[in-house]
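> need a structure here:
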Amino acid sequence: MTFERRGLVAAELAALAVIVAAHVVLLTQLLHTGTTFDEGVYLLSLDALRHGQALGRQVFTSQGPGFYVLLQAIGGVFGVTVAGVRLGIVTLDAIGAVFAFLLGRRIAGPLGGLGCAAMIAIAPKLGDFGGRVFADQCAMVLVVVALWLVAVRHPLPAGALLAAAVLVKLSALTALPTVVALLALERRRTRAFLEATAGAAVLVAVMALVYVRDLGSIWSDAWSYHILSRRITGLIGRHEFEGFFAVRTPFFWLTILAIVLLPLVWGRAWPFWLWSLLASIFVLRYQPLRDNNLLVLPYAFAVPAGITLGLAARRLQPRLLAVALAAAALVFAAGWVQQLHRVRLDRAHEDPSLVGAAARLDRLTRPDELVISDQPIVAFLAHRRVPGKYVDTASLRFDTGSLTESEVLRDSAHVAALYAGRAFYERPTLLTALGARFRHRLELPGGALIFYGH
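I've put the predicted structure just below:
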């Protein structure tokens, strides 16, 4: 390798290191902030799995089983704490940025790789939700790895990784047309299709064998529950889509530039824009849409936009390329600073009322006793286990019939205490019945209740 070549490689790796570091810095801004309801659900689920409860059969499975496998791996490495699990998610995000670079580099050279990673680092929503405990960004990282494996002509593991992504979050299916298109472009496409299909089948079969006793419950919790919930209204997809592509963000203008330049590099870039199209349809049509569901958009647009810009940059003369690179660096810096300011607005400590409730629950019960809480983080912070069925006590479960007041009342006979501050608190008949079931009723600041002592 010549001295000049070594210098270019060193500059490329240095640029990648800066981009990934910037991505990590942004994602860790909310490492020690208050949790969302869903984060409490997943942390409590992980704690229940650690203490021997079975996924599906005992622990309510609101996401695909692959997500809980990832959570257990993260918990084993980083510890089962709010900050520990979040740090594991951030590490996975950083790996996703690196593989986005490798994918872009394979298709569009070094500039394409750096473009993909940089677009991810400045993408809206990732700073707000990418470092939190959600399944969505985990699935997208696996999708990026699967696309890279297809690009380097390893269809067998690519099929397995795509299947794994779908088992983490169903929104990963938005990348399926891109994978199919890339496989169809292979010279030995039939063999590539067969290997990818075999990889996916093997992965699904292994997961089915691992959870063979619990497949019915997992299907009911992870898939049927969400199908039933589609009649429940969530965020308005059109508004959220427009908000993601806010005109003032560099990400928006870089995406527009990539679309404008797409005809120049259509032959190599078009399969990746299928992912963008399907992800857009998903966000516009899916209900009930939540903030975390939008995490499909940063990856689905960053990768094709980065590849397109990288391919277009190859056509520039050296002088124009130098100007373009300087402008790109400034735009990246501006986009990152903008997202940093946005994320810092979300800094807030855990709700003091929930922290106080956890402390009271800790004092009122013994470590070996079970509790039920309609705010999962309260039980988690109190270091108390819950029956696996009650890791998720969202109102949506009552609305879909997957949890009923009579079940809560029946199962309350087997726990030492019950915290009511959200879904339970909204049901007066349930509160009245619980008051008759427990000997003591403690009112907390903010109106929440702890029932204890049978």
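
> Isn't residue 332 up against residue 117?
No. Residue 332 lies out of contact with residue 117 (CB atoms under 8 Å); the separation is 9.9 Å. For glycine as for every other residue, the C-beta is placed from the backbone atoms N, C-alpha and C.

> who has more neighbours, the two?
Set residue 332 next to residue 117 and count neighbours by other CB atoms under 10 Å: residue 117 wins out with 30 against 23.

> name the helices or strands packed onto the helix or strand of the chain with the lowest mean pLDDT?
One helix or strand of the chain scores below all others by mean pLDDT, DSSP states H and E: helix 225-228, with a mean of 71. Here helix 225-228 is seen to pack against helix 395-400 when contacts are counted using 3 or more CB pairs under 8 Å, 6 or more residues apart in numbering; DSSP states H and E.

> could you dump the helix it packs on to CSV, C-alpha only?
C-alpha atoms of helix 395-400 as CSV (Å, rounded to 0.1, in the frame of the first residue of the first chain):
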residue,chain,number,x,y,z
SER,A,395,-54.8,0.8,29.0
LEU,A,396,-54.5,-0.8,25.6
ARG,A,397,-54.6,-4.2,27.1
PHE,A,398,-57.9,-3.5,28.7
ASP,A,399,-59.2,-2.0,25.5
THR,A,400,-58.3,-5.1,23.5
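
> any idea how far residue 123 is from residue 336?
Distance, residue 123 to residue 336, by CB to CB, to the nearest Å: 10 Å.

> again with residue 295
Distance from residue 295 to residue 336, by CB to CB: 18 Å.

> how about the helices of the stretch 201-350 of the chain, start to end?
215-219, 225-228, 237-244, 250-261, 266-285, 296-313, 318-344 (DSSP state H, counting those that start in this stretch).

> can you put those in a markdown table and add distance to residue 385?
Listed next are the helices of the stretch 201-350 of the chain as a markdown table, based on distance: least, CB to CB, whole Å:
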| stretch | distance to residue 385 |
| --- | --- |
| helix 215-219 | 19 |
| helix 225-228 | 22 |
| helix 237-244 | 36 |
| helix 250-261 | 42 |
| helix 266-285 | 35 |
| helix 296-313 | 33 |
| helix 318-344 | 33 |
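
> Of residue 123 and residue 336, which one has the most company?
Using other CB under 10 Å as the criterion, residue 123 and residue 336 rank with residue 123 on top: 25 against 20.

> Pull out the buried residues from stretch 407-426.
Along stretch 407-426, these residues count as buried under the neighbour rule (16 or more other CB atoms under 10 Å): 408-409, 411-412, 415-425.

> Next: stretch 117-124.
Result for stretch 117-124 [16+ other CB under 10 Å]: buried residues 117, 118, 119, 120, 121, 122, 123, 124.

> contacting residues for residue 281?
Shown in contact with residue 281 (CB atoms under 8 Å, 6 or more residues apart in numbering): residue 174.

> can you list residues touching both of residue 332 and residue 117?
With CB under 8 Å, 6+ apart as the test, residue 332 and residue 117 both reach residue 19.

> What mean pLDDT does stretch 6-22 get?
Stretch 6-22 shows a mean pLDDT of 92.

> Any chance you could list what contacts that stretch?
Under CB under 8 Å, 6+ apart, the answer for stretch 6-22 is 1, 94, 97-98, 101, 110, 113-114, 117-118, 121, 332, 336.

> Give me the lowest-pLDDT entry from those residues.
residue 1 (60).

> ok so, going back, which of the helices of the stretch 201-350 of the chain is buried the deepest?
Of all the helices of the stretch 201-350 of the chain, helix 296-313 carries the top mean neighbour count, a mean of 28, counting by mean count of other CB atoms under 10 Å.

> rewinding a little: just give me the closest of the buried residues of stretch 407-426 to residue 65.
Residue 65 lies nearest to residue 411 out of these, by CB to CB, at 23.7 Å.

> what helices or strands is whichever strand or helix holds that closest one leaning on?
Assigned by DSSP states H and E, residue 411 belongs to helix 405-411. Judged by 3+ CB pairs under 8 Å, 6+ apart, the packing partners of helix 405-411 are helix 428-437.

> Off-centre distance for the helix it packs on?
37 Å (CA atoms, centre = their mean, to the nearest Å).

> buried residues in that helix?
Applying 16+ other CB under 10 Å to helix 428-437 flags 430, 431, 434 as buried.

> Need the nearest residue in space to the second one, chain neighbours excluded.
Put plainly, it is residue 431. In space, and not counting its chain neighbours, residue 431 is closest to residue 420: 6.3 Å by CB to CB, 6 or more residues apart in numbering.

> Output stretch 147-161 as PDB, nothing but the C-alphas.
The C-alpha trace of stretch 147-161 is given here as PDB (Å, rounded to 0.1, in the frame of the first residue of the first chain):
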ATOM      1  CA  LEU A 147     -28.400  -5.600   3.600                       C
ATOM      2  CA  TRP A 148     -24.600  -5.400   4.000                       C
ATOM      3  CA  LEU A 149     -24.400  -9.300   3.900                       C
ATOM      4  CA  VAL A 150     -26.500  -9.300   0.700                       C
ATOM      5  CA  ALA A 151     -24.200  -6.600  -0.800                       C
ATOM      6  CA  VAL A 152     -21.100  -8.700   0.000                       C
ATOM      7  CA  ARG A 153     -22.800 -11.800  -1.500                       C
ATOM      8  CA  HIS A 154     -23.500 -13.800   1.700                       C
ATOM      9  CA  PRO A 155     -27.200 -14.500   1.200                       C
ATOM     10  CA  LEU A 156     -27.500 -17.300   3.800                       C
ATOM     11  CA  PRO A 157     -26.600 -15.200   6.900                       C
ATOM     12  CA  ALA A 158     -28.400 -12.200   5.300                       C
ATOM     13  CA  GLY A 159     -31.700 -14.200   5.200                       C
ATOM     14  CA  ALA A 160     -31.100 -15.200   8.900                       C
ATOM     15  CA  LEU A 161     -30.400 -11.600  10.000                       C
END
